[in-house]
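> Got a predicted model here, sequence first, then my questions.
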Amino acid sequence: MSNIQINPYNFAAPSIGAWKEFGRVTGSGALSVSVADSPYYMVLNSGLNWGSGDNSEITFNSDGGVAYAFRYSKNGSSPDSEGIDRTRCYDYYGVGSENQIFALNYIGNVATQEKLGIANSVGEMGASLAPSKDDIVYKWANTSNAISSIDFPNPNGAGTGSEIVVLGYDETATPADSFWKELASVDLSGGAAGIIDSGTIPVKKYLWVQLFEEATGGTIQTCWRFNSDSSNNYGFRYAENGGDYFGAVANQIGAFTTNSTNAYTSMFITQSNNYSKLAIGEMVLQNAVGTANAPTSVQFVGKWSTAPSTITSIQATDLAGTGQYATGTFMKVWGSD
């Protein structure tokens, strides 16, 4: 199976094309990345030494005019908040106590159309608190130009060591060009089990994990651990089917609804020395077979507060189910620096 993915929901892959690094910048204060034209961008925003309460702001092509609008929800707040006729949009909304953030952006770029973005982000709020979760959509109402730079103009947010990485989907790229390199591919073809383990993987700053799970013998309640650590070093926040977000500090990431059929998870992780490891994920549970039964949707963020430890293995484990992962269960891990 190729390690090239068009989007985080597609295990199958074309013979050509890849998410290719188009640019990056590391530093503090206002940051900007010049980019080649691409119809799709994936932007990884790893903010360290974050200015407490500061927002992570986005503009394009250094356009500081009234050209933006957005909608966001903090920790599942309802109704959503919106901003119209703005001079910038956001991929993280500060609340006052975060010292580290991670935002994952997807941006569509057609020169003659308004540019649309989706951001999922997590904020580290302190060792004794669950992380914060932002769901944001935004647009740049420019219909004359393709994106040539992605800008983060807030001078007070990003501290020393912060980094912006911009990936573009390049249809002519080969697997060797891909930003994401396969680190692990494991399955349970040898027999059902209560855990699936990546095995030892090299240390990478950015990780992308995909899990397809099948249940057998009852239910499974998937949670995530790193380096087989089952101590109270984790925090998470999640919501199911658009409901209220629940947050906790625990000995795992997740306490999601149980699954008795099939489920799929896509999760992105960033890790920097001497900082918590932050995760952003989505999960879909099949539920009962057939069109009369809607699947369950789960959005979640998590953290592993064990600085300066680094992730060298990843475990999906059954927290409190009555069954096991079946032989059709498999996990893929990609990574990059």
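Structure's in. What do you need?

> From the contact counts, what lies against the helix or strand where Tyr106 lies?
Tyr106 is part of strand 100-108 when elements are defined by DSSP states H and E. Under the contact definition 3 or more CB pairs under 8 Å, 6 or more residues apart in numbering; DSSP states H and E, strand 100-108 sits against strand 40-47, strand 56-60, strand 89-92, strand 115-124, strand 262-270, strand 277-285. Where C-beta positions appear, they are placed from N, C-alpha and C, glycine not excepted.

> Can you say which of the ones you listed is nearest to Ser162?
strand 40-47 (4.8 Å; CB to CB).

> Kindly export the closest one (C-alpha atoms) in CSV.
Extracted C-alpha coordinates of strand 40-47, given in CSV (Å, rounded to 0.1, in the frame of the first residue of the first chain):
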residue,chain,number,x,y,z
TYR,A,40,-5.2,22.3,-1.9
TYR,A,41,-3.0,23.2,1.1
MET,A,42,-2.5,21.4,4.4
VAL,A,43,-1.0,23.8,7.0
LEU,A,44,0.6,22.5,10.2
ASN,A,45,0.8,25.3,12.8
SER,A,46,2.9,24.4,15.9
GLY,A,47,3.0,27.3,18.3
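
> Outside of that strand itself, list whatever touches it.
19, 22, 35, 56, 91-92, 100-109, 121, 147, 150, 152, 157-159, 162-169, 205-206, 268, 270, 272 (CB atoms under 8 Å, 6 or more residues apart in numbering).

> Give me the sheet partners of that strand and which way each runs.
If you go by DSSP bridges, strand 40-47 pairs up with strand 100-108 (antiparallel), strand 162-170 (antiparallel).

> Can you add mean neighbour count and mean pLDDT and give these back as CSV?
Shown next, in CSV, are those (neighbours: other CB atoms under 10 Å; pLDDT from 0 to 100):
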stretch, mean neighbour count, mean pLDDT
strand 100-108, 23, 97
strand 162-170, 22, 95
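
> Which one of those lies nearest to Ser305?
Closest among the strands paired with strand 40-47, once you apply CB to CB, is strand 100-108, at 10.4 Å.

> care to break this structure down by domain?
18-177, 181-336 (automatic domain parsing).

> Endpoints of the last one, how far apart?
Taking CA to CA, to the nearest Å, the first and last residues of domain 181-336 lie 6 Å apart.

> Name the residue most distant from the centre of this protein?
Farthest-out residue of the chain from its mean C-alpha position, per CA atoms, centre = their mean: Gly217, at 31.2 Å.

> Would you mind naming the residues that bridge with the residue lying closest to Gly47 once chain neighbours are set aside?
In this structure, Gly47 finds its nearest non-sequential neighbour in Ile101, 4.1 Å apart by CB to CB, 6 or more residues apart in numbering. The partner list for Ile101 in beta bridges (DSSP bridges) reads Gly47, Gly123.

> go on, the one 5 residues further on?
The bridge-partner assignment for Tyr106, based on DSSP bridges, gives Met42, Ile118.

> and it, what is it in contact with?
Here Tyr106 is in contact with Tyr40, Tyr41, Met42, Val43, Gly117, Ile118 (CB under 8 Å, 6+ apart).

> same thing but 7 Å
Contacts for Tyr106 (CB atoms under 7 Å, 6 or more residues apart in numbering) come out as Met42, Gly117, Ile118.

> which of the residues you listed has the most neighbours?
Gly117 (24 neighbours; other CB atoms under 10 Å).

> what's the pLDDT at that one?
As predicted, Gly117 sits at a pLDDT of 98.

> quick one, what contacts it?
Here Gly117 is in contact with Asn105, Tyr106, Ile107, Val137, Tyr138, Lys139 (CB under 7 Å, 6+ apart).
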